[in-house]
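**Q** build me a model:
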Amino acid sequence: MRIGELAGAVGVTTRTVRHYHHQGLLPEPERLANGYRAYTLRHVVVLARIRRLTELGLGLAEVRDVLADEAGKDLAEVLEELDADLARQEAAIRERRERLRALLEAEGGLPPEGPVSPELAELFAGMGDVSGSPMAVRDREMLAMLENTVAPEARAGLLAALRGALGAPGAVARAHRAYALLDELAGAGADDPRVAGAAQALADCLPVELLPAEDIDLDADHGVLRAMYADFAPGQAEAIRRAMGIVARERKGGDSGQGGDSA
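**A** Prediction:
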């Protein structure tokens, strides 16, 4: 039979047949005097077996190994490995779908900063509509970035810290006030007299767990902090730096009332 008849009998294309020849999976048939390949029933059997194995999910290298063992004694082992691999993929897909479903069903809907965890989405929803505050929007972006980049145990600590901070009486109102004061500094310099008030307002609602765990110079030593400062207006960056200084001193047990003079 010709190549087209072989391909049609098994339900593949002639291009597929030629590819299997090239890969050494399907033996080359004898050629007639006119140069055409003359396929036999044996080629049909082998090609049908290749198709069945590839449909099961075997790669061509695995198919080659199976076909090389004429007794087929390794086929069961190969299929067992394939079944285990598919089970792992199935479990991974199930987990991903559960995570996606949790995001889609999160209270308050999917936030624009997403994808974030359902826990963080719930915290964002509890803050109400902050779309009118550029500083609040940036803060959410930063929190979403942190959640997606820290280790799992650190992520749990981050969420716990945020829940504790936002769950305190008056915490949401304090956060909105801090955002408003920082928004007012959008065009201000680092020496603007409003910086001190904004810094204290931010420190009053900033969980200590959001600061770098190591003892660093909050002015220059931390690459992420340098990038964050550069992203804000000078007055806003100074207020954020001072606020972190206040919280850092509180963490060390220092006097929290000296926070406005660290320019």
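
**Q** ok, L162 touching V208?
**A** No: L162 sits out of contact with V208 when judged by CB atoms under 8 Å, with a separation of 11.9 Å. To be clear about C-beta, it is placed using only N, CA and C from the backbone, and glycine gets the same treatment.

**Q** more neighbours: the two, which one.
**A** The residue with more neighbours, out of L162 and V208, is L162; 21 against 13, by other CB atoms under 10 Å.

**Q** for the residue lying closest to the more buried one once chain neighbours are set aside, what are its contacts?
**A** In this structure, L162 finds its nearest non-sequential neighbour in L123, 5.4 Å apart by CB to CB, 6 or more residues apart in numbering. The contact partners of L123, by CB atoms under 8 Å, 6 or more residues apart in numbering, come to L159, L162, R163, L166.

**Q** just the ones of those residues in strands?
**A** Assignment to strands by DSSP state E places none of the contacts of L123 there.

**Q** ok, so of these, who is nearest A175?
**A** For A175, the nearest member of the contacts of L123 is L166. The distance, counting by CB to CB, is 7.2 Å.

**Q** my read is that that closest one contacts V172, right?
**A** Yes: shown here, L166 and V172 form a contact pair, counting by CB under 8 Å, at 6.3 Å.

**Q** can you count the residues close to A7?
**A** For A7, the count of nearby residues is 19 (other CB under 10 Å).

**Q** show the subsequent helix or strand relative to the helix or strand where it lies.
**A** A7 belongs to helix 3-10 when elements are defined using DSSP states H and E. Using DSSP H and E, the helix or strand that follows helix 3-10 towards the C-terminus is helix 14-22.

**Q** can you give me the angle that following helix makes with helix 3-10?
**A** 100 degrees (axes from the mean of the first three to the mean of the last three CA atoms, to 10 degrees).
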